[in-house]
Structure formats: structure tokens, C-alpha cells
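Asks: need a structure here:
(2 chains, ligands or ions: 2)
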Amino acid sequence: MNIYKVIIQNSMKKKYSIFSLIKNAFSYHENWEKAWKDPEPKKEYDAVIVGGGGHGLATAYYLAKKHNMKNIAVVEKGWIGGGNTGRNTTIIRSNYLWDASAGLYDHALKIWEGLSQELNYNVMFSQRGVMNLAHNLQDVRDLKRRTHANRLNGIDAIYLNTEEVKKFCPIINTSPNIRYPVLGGTLQKRAGTARHDAVAWGYARGADEMGVDIIQNCEVKGIKRNGDSVAGIETTKGFIKTKKVGVVAAGHSSVIANMAGLRLPLESKPLQALVSEPVKPIIDTVVMSNAVHAYVSQSDKGELVIGAGTDDYVSYSQKGSHDIVEGTLNAILELYPIFSRMRMLRQWGGIVDICPDASPIISKTTISGLYFNCGWGTGGFKATPGSGDLFAHTIANDEPHKINAAFNLNRFVSGELVDEHGAAAVAH
Amino acid sequence: MFLIDCPYCGEREQSEFKAGGEAHIVRPKQPTELSDDEWAEYLFMRKNIKGIQFERWIHIHGCRKWFNVARDTSNDVIKVVYKMGEKPPTI
Ligand SMILES: Cc1cc2nc3c(=O)[nH]c(=O)nc-3n(C[C@H](O)[C@H](O)[C@H](O)COP(=O)(O)OP(=O)(O)OC[C@H]3O[C@@H](n4cnc5c(N)ncnc54)[C@H](O)[C@@H]3O)c2cc1C
Ligand SMILES: [Zn+2]
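Replies: Numbers count the residues shown, from 1 in each chain, chains lettered A, B, ... in the order given. Ligands and ions are numbered 1, 2, ... in the order given. This next block holds a predicted model:
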């Protein structure tokens, strides 16, 4: 009985609940147990995931949970969630044009809908809706076409005229006299936002509980090959032997591919975002606009969360150009004159890995045991749970799931691209 | 944000320029004889280097001329600017 109790306590984390919250309040929240351990790497694992962002941690979680692979590790060069996972504007939606993308992103959206319960971790998923605006005749046609395509794929989509846009989000300037007047828009009501850090932390906690080693401050420096198969990885914490390596390194994917002698169809570019000082609730949805490249939502803290565009040059410097921010704010002010006296609090950049067709790669490679999950570019946060689930399937079975089959590396040879560049409204 | 030394106009703010991507990718001389793999290499695969990259830029809001730049992509420091048709410098 006692031994049983000890084992249970060691392997199972205490559930977060209203009771644990009250109990911990009595000790000034100083006695919460650690959400994950801080282990040294073992000599060998059955699989190693490179990159401790949301996608990497979700991959490890599903490898352990659904494929019973527990002797695995996630290695992260900095701290978990410190990459694009912790830098993005957290927009989640699945209203993509093409069938393959609709399947991929809606798979993720369905998991989001039950994720807080599954992880016993509040990821603050909020289905506040995402509206995409049309500013010219071509936008109107594209967005109507996308609405129809979405419906055929069973994805909720509504087309709104200008008055309906105004009704849904009253602070938008719908005057016909602005430079790019609002001619209409689409609305996906199931879409919304989530708390980015919580997603990384929730998956880390869940994976750790199942025995996954989460190793931070451990940079991968080389990939050791044995002929055409993977033999292990060189890291700043020594050599780790493993036959399966899943790389989920976002902006640094090409750097790691180069270590294995591979080339990827990616370019890494800075993408910026900024937040304002916190104010009372003023916008209860997410509004995106492709033509003027501006999108905005409001965080639970009250900050306006504003996304800018990418710079057009390759850079790993994690800071973008000022004129990009300026352009975005010009557009924001024209669409929302009410924000004209808001002060911006913080601005930052992340390095996003962009594919020629603006669709991701979740794929095997020509090297056996080496898998890549990359190319999410400016819009992969929304896919985090689905991406982890499908990448875990691909690694465990050495074969893609049917939902990610189209997102293989070979599409750049066969020409079967999934071109979401123009199609997906703003690419986030 | 950085300055670029246009070989024709001198040093200007980067926003006057447009990046043209990796330099020295030569269009295949016999396109009809290329395999699908070779086409993929030419069209899509990029070095995407973290470190010194040779790349093309155009002074789009200035003289509108193309030229090459060797830039460290890890910190955006430009090492050398050289003209179209010139060989990449050894750095
Ligand atoms: C400003 C901005 C706004 C965005 N807005 C949105 C949005 O609104 N909606 C949306 O869906 N998406 C958005 N995105 C995109 C989204 O953030 C990414 O697609 C997604 O977070 C990628 O997740 P990831 O786990 O693959 O990457 P990351 O979180 O970047 O994780 C990769 C990890 O790999 C690690 N790593 C790299 N090299 C090594 C190495 N050699 N060894 C060990 N570890 C290594 C990194 O340190 C990093 O932690 C935005 C991105 C940015 C930058
Ligand atoms: Zn010039």
C-alpha cells in the first residue's frame, strides 16, 4: 500500500484544480511542485526531438502518449518556448483554401477545442472568432471563394458585407473614403487565440510526466550518420546515441539540415510583432487584413497585440526593420482611428522559416531516421497540437499520416505544391 | 535595420533597397535536359545560411541597379559589396 502510494506520487503529477489553487494560496504559492524535471541527457534514446518549441514538445507528448515511446528526449538550445512559440501573436484558425491545408489546420483546431482538459493545463484557448477583411474587388472574390471552399470541407465560414463587419467589430473604420475601404470580410467563429507559453508548458509537463526527458540549454551541433541512417547527435552536453531524430527547429531548420548534408526549400526571415500599453476591453475578436497587412487582437491583460510583416531578406538576427512596423501601424491607424493615441509597450522579432508555397513540411528525408517538421513560417502556432500529433505518427511509423502526406519534402520535386501564399488571407 | 553601400549611389538606408535572395544561382544552360531533382534544386532549394551569405540586392528606390552583397545573416553586418557579374570574394 505504502509503496504503491510512493510510486503513484513519483510518477503522477498532482492535478491542477480549484482545490490545489486554494491549498497553495495558503503557502503563498511557494510550494507548487516543478512542472518538469531538469535531467542530464542519457547516453541513448529511442528518439530525440530537436527543438523545444510548442511543436517539438507536442511531438514528444504524442510519441509517449499515443505511440508508447517513452525513452525519448527533447533537446532545446535555450529555454522551452523561447523561440517563435513565445513570440507569436497566437492567432488560431483553420479556414485555409486547399483541401490538404484545411484538413491539416482543422485537425489541429479540433485538438485545441479539448486541449486544456486533456493537458490539465489552462492554455486559455478562446474562440473569439477571426475576421479577415477584403479591401478590393480581388479580395472580395478570393474571400468568397475561400468561404465556399471552407464549407465544402466542413469548416465553419461566413461571408460578411461591410455593414455586418461593422456590426461585428464596431471600432473598424468602414468609411468609403479611406485609402483601402472595407468591402467585406469572412468570419470563422471557431477560430481565436490561446496563451502561447501555456501551450509549451502544458505539453512539457504532460510529456515529462510520461517519462520524456526535457533537456534545456543543450544545442545540437552535429548529426552523426551511419551511411544513409542517423546514428546520433552531437550536442553541447555531449554525444547522444539515437536512431531517430525529429527536427522541429523553426527558423533554424536549414542550419540543422546542413549538419546532415541536406538542403531544404526554406528561407529564414524576421517577423515582428508589438503590443500596446494595456487598456480596457475594446476589441473582442481578431481582425486580420491581407491587403494592408495589419492584424490586431487584445490580450487578456488588455494589450493590443499587433502583428507586422516579414522583412524580405534572410536573417537570423531576431530583429526586423523599423519601416515594417511603421507600415503596419499606418494601416492599423487608418482602420482603427480610435487607437491613434495608444502607446506601444514592446516590440520584438522571431525568425520564421518560409517555404516557397507557404505550406509546412512534415516529412521523412532521404536519410533514414531523420525527420523534419518545418516551414511553418509565419503561421504555425495555430497548428501546434495537430503538428505534434502528425509528426509523432510520422516518426513512430516511419510513414506519414494521411493528413500530412501531402506535406512531404518531395512535393518540391514532383511539383505538387500546396500553394497557400495568396490563398490563405494573411499568412498567420 | 541597417545601411547598404550601393556601389553606384553610396550608403543608404536598407529600406531603399529590395532583397533578391541568394546570389550566383545560375539558370541551367540546357533546361530540357534537367531531371525533376535538378529542377527542384534550382528552383526551390536554398542554402539559407546562418553566417556569410552572398546575395543580390536592388536599389529599388534609388538608381534601380542590381548588385551583390556578402552579409553575415546572424547579425546583418555587411562585409563586402560587389557588382553583378563579379566573382564572390573569399571571406
Ligand atoms: C512575430 C510572430 C508572429 C506570429 N504570429 C502567429 C500567429 O498569429 N498565428 C500562428 O499560427 N503562427 C504565428 N507565428 C508563427 C509561429 O510562431 C510558429 O510557426 C510556431 O510557433 C513554430 O513553432 P515551433 O515549435 O516549430 O518553433 P519554435 O518555438 O521556434 O521552436 C523551435 C526551437 O528550436 C530550438 N533550436 C533551434 N536550433 C536548435 C539547435 N541547434 N539545437 C537545439 N535546439 C534548437 C529553438 O531554440 C527553438 O526553441 C508567428 C511568428 C512570429 C515570429
Ligand atoms: Zn543606387
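Asks: if I look at A:Lys189, how far off is B:Arg12?
Replies: Taking C-beta to C-beta, to the nearest Å as the measure, A:Lys189 falls 47 Å from B:Arg12. Using the backbone N, CA and C atoms, a C-beta is placed for each residue, glycine as well.
Asks: now stretch A:184-192: buried residues?
Replies: By 16 or more other C-beta atoms under 10 Å in any protein chain shown, the buried positions in stretch A:184-192 come out as A:184-188, A:190-192.
Asks: distance to A:Ala396 and secondary structure added to the residues you listed, as JSON lines?
Replies: Output for the buried residues of stretch A:184-192, formatted as JSON lines (distance: C-beta to C-beta, whole Å; DSSP: H, G, I helix; E, B strand; the rest coil):
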{"residue": "A:Gly184", "distance to A:Ala396": "45", "secondary structure": "strand"}
{"residue": "A:Gly185", "distance to A:Ala396": "41", "secondary structure": "strand"}
{"residue": "A:Thr186", "distance to A:Ala396": "37", "secondary structure": "strand"}
{"residue": "A:Leu187", "distance to A:Ala396": "37", "secondary structure": "strand"}
{"residue": "A:Gln188", "distance to A:Ala396": "32", "secondary structure": "strand"}
{"residue": "A:Arg190", "distance to A:Ala396": "29", "secondary structure": "coil"}
{"residue": "A:Ala191", "distance to A:Ala396": "30", "secondary structure": "coil"}
{"residue": "A:Gly192", "distance to A:Ala396": "30", "secondary structure": "strand"}
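Asks: output those as TSV; include the columns distance to ligand 2 and pLDDT.
Replies: Below are the buried residues of stretch A:184-192 laid out as TSV (distance: C-beta to the ion, whole Å; pLDDT from 0 to 100):
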residue	distance to ligand 2	pLDDT
A:Gly184	41	97
A:Gly185	41	97
A:Thr186	42	97
A:Leu187	46	98
A:Gln188	45	98
A:Arg190	50	98
A:Ala191	44	98
A:Gly192	46	98
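Asks: with distance to A:Val279 added, can I get the residues you listed in CSV?
Replies: Output for those, formatted as CSV (distance: C-beta to C-beta, whole Å):
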residue, distance to A:Val279
A:Gly184, 28
A:Gly185, 24
A:Thr186, 27
A:Leu187, 24
A:Gln188, 26
A:Arg190, 27
A:Ala191, 23
A:Gly192, 20
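Asks: I'd assumed A:His148 was in contact with A:Ile158.
Replies: No: counting by C-beta atoms under 8 Å, A:Ile158 stays clear of A:His148, with 11.6 Å between them.
Asks: neighbour count: the two, which is higher?
Replies: Using other C-beta atoms under 10 Å in any protein chain shown as the criterion, A:Ile158 and A:His148 rank with A:Ile158 on top: 16 against 13.
Asks: contact partners for the closest residue in space to that one that isn't next to it in sequence?
Replies: Using C-beta to C-beta, 6 or more residues apart in numbering or on different chains and skipping the chain neighbours, the partner closest in space to A:Ile158 is A:Leu187 (4.6 Å). Taking C-beta atoms under 8 Å, 6 or more residues apart in numbering or on different chains, we find A:Leu187 in contact with A:129-131, A:157-158, A:160, A:168.
Asks: keep only those of those residues that are in helices.
Replies: The helices, defined by DSSP state H, take in A:Phe168 from the contacts of A:Leu187.
Asks: determine which two of the contacts of A:Leu187 are furthest apart.
Replies: A:Ala157 and A:Phe168 (14.0 Å; C-beta to C-beta).
Asks: what's B:Cys6 in contact with, if anything?
Replies: Residues near B:Cys6 by C-beta under 8 Å, 6+ apart: B:12, B:17, B:59, B:62-63, B:65, B:67, B:81.
Asks: could you pull out the helices for the chain?
Replies: I went with chain A, as the question did not name one. Along chain A, counting by DSSP H, helices occupy A:2-11, A:18-25, A:54-67, A:99-112, A:115-119, A:137-152, A:162-168, A:196-209, A:253-259, A:322-335, A:384-397, A:411-414.
Asks: if you could check chain B rather than the one you did, that'd help
Replies: B:36-43.
Asks: what does it put close to chain A?
Replies: Contact residues, chain B versus chain A (C-beta under 8 Å from any C-beta of the partner chain): B:1, B:14-15, B:18-19, B:21-22, B:36-37, B:39-41, B:43-50, B:53, B:55, B:71, B:73-76.
Asks: which of those count as buried?
Replies: B:14-15, B:19, B:22, B:40-41, B:44-50, B:53, B:55, B:71, B:73-74, B:76.
Asks: which residues touch the residue nearest in space to the middle of chain A?
Replies: Centroid-nearest residue in chain A, with C-alpha atoms, centre = their mean: A:Phe381, separated by 1.5 Å. Shown in contact with A:Phe381 (C-beta under 8 Å, 6+ apart): A:54, A:84-85, A:88-92, A:194, A:196, A:199.
Asks: swap in A:Leu335?
Replies: A:Leu335 makes contact with A:133, A:172-173, A:178, A:182, A:287, A:289, A:292, A:294, according to C-beta under 8 Å, 6+ apart.
Asks: let's go with 7 Å and repeat that
Replies: A:172-173, A:289, A:294 (C-beta atoms under 7 Å, 6 or more residues apart in numbering or on different chains).
Asks: mind listing what's buried along stretch A:349-356?
Replies: Of all the residues in stretch A:349-356, those buried under the rule 16+ other C-beta under 10 Å are A:349-356.
Asks: apologies, that question was intended for stretch A:122-132.
Replies: A:123-132.
Asks: between these, which is nearest ligand 1?
Replies: Distance to ligand 1, by C-beta to the nearest ligand atom, is smallest for A:Val130 among the buried residues of stretch A:122-132, at 9.5 Å.
Asks: the closest residue to the closest one other than its chain neighbours and A:Ala157, how far apart?
Replies: Nearest residue to A:Val130, sequence neighbours excluded (C-beta to C-beta, 6+ apart): A:Ala191, at 3.7 Å. Here A:Ala191 is placed at a distance of 10 Å from A:Ala157 (C-beta to C-beta).
Asks: same check on B:Asp37?
Replies: 39 Å.
Asks: neighbours of residue 84, how many?
Replies: With no chain named, the answer covers chain A. As a burial measure, A:Asn84 scores 24 neighbours (other C-beta under 10 Å).
Asks: wait, chain B was what I had in mind.
Replies: Each residue near B:Met84 was counted by other C-beta under 10 Å, and the total is 11.
Asks: ditto for the one 4 residues further on
Replies: A count of neighbours around B:Pro88, defined by other C-beta under 10 Å, yields 13.
Asks: looking at the helices of chain A, which is nearest to ligand 1?
Replies: In terms of C-beta to the nearest ligand atom, the element of the helices of chain A nearest to ligand 1 is helix A:54-67, at 3.5 Å.
Asks: off-centre distance for the closest one?
Replies: Relative to its chain's centre, helix A:54-67 lies at 14 Å (C-alpha atoms, centre = their mean, to the nearest Å).
Asks: average pLDDT across it?
Replies: Averaged across helix A:54-67, pLDDT comes to 98.
Asks: repeat for stretch B:27-45
Replies: 95.
Asks: what's next to it, contact-wise?
Replies: Stretch B:27-45 is contacted from outside by A:263-265, A:356, A:412-414, B:25, using C-beta under 7 Å, 6+ apart.
Asks: on that earlier part again, buried among the contacts of A:Phe381? Need that as a selection in PyMOL.
Replies: Entered in PyMOL, the line below selects the buried ones among these, by 16+ other C-beta under 10 Å:
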select buried, chain A and resi 54+84+85+88+89+90+91+92+194+196+199
